[in-house]
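Trainee: Quick one: sequence plus predicted model below, questions after.
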Amino acid sequence: MKNKVYIILCIAAVIVFLIVNNYLLTRSNDKNRAFKFNGVVEAIRYDVKDIPYVTIGGLTYYLSYSWNFEHLIEKGDSLQKKEGEMIVKLIKKDRRIYIFKD
């Protein structure tokens, strides 16, 4: 009897975890999709998970989606992203162009 209750609680915990995880992921995706920027990177820093915070035009963006920028973004580079899209264009100071898609 105790094993049955334990299994039911474990299954319920997994279901709750999956629902919450899906909600947070969807919310993060919607937030990133809404970002719109086109300008020179004024500042950049990375969190402990190597996810960048970039400042463009006085606004700071946390680029927390599945883009892997490989630490290529530097101060003085240009970043472009259209609202509603998940494509980021990085233009380096030496004019090399990198496209990052989700």
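Mentor: Okay, I see it.

Trainee: Spell out the residue ranges of the helices in this protein.
Mentor: When assigned using DSSP state H, the helices of the chain occupy the ranges 2-34.

Trainee: in it, what spans have low per-residue confidence?
Mentor: Filtered on pLDDT under 70, the chain yields the residue ranges 1, 65.

Trainee: which ones are touching the residue most central in space within it?
Mentor: Taking Cα atoms, centre = their mean as the criterion, Ser64 is the residue nearest the geometric centre of the chain, at 1.7 Å. Shown here is Ser64, whose contacts under the criterion Cβ atoms under 8 Å, 6 or more residues apart in numbering are 28, 31-32, 51. Glycine gets a C-beta too; all of them are placed from N, C-alpha and C.

Trainee: Kindly reformat the residues you listed as JSON lines and extend each row with distance to Ile97 and neighbour count.
Mentor: As requested, the contacts of Ser64 are arranged in JSON lines below (distance: Cβ to Cβ, whole Å; neighbours: other Cβ atoms under 10 Å):
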{"residue": "Ser28", "distance to Ile97": "26", "neighbour count": "14"}
{"residue": "Lys31", "distance to Ile97": "25", "neighbour count": "13"}
{"residue": "Asn32", "distance to Ile97": "21", "neighbour count": "19"}
{"residue": "Ile51", "distance to Ile97": "22", "neighbour count": "14"}
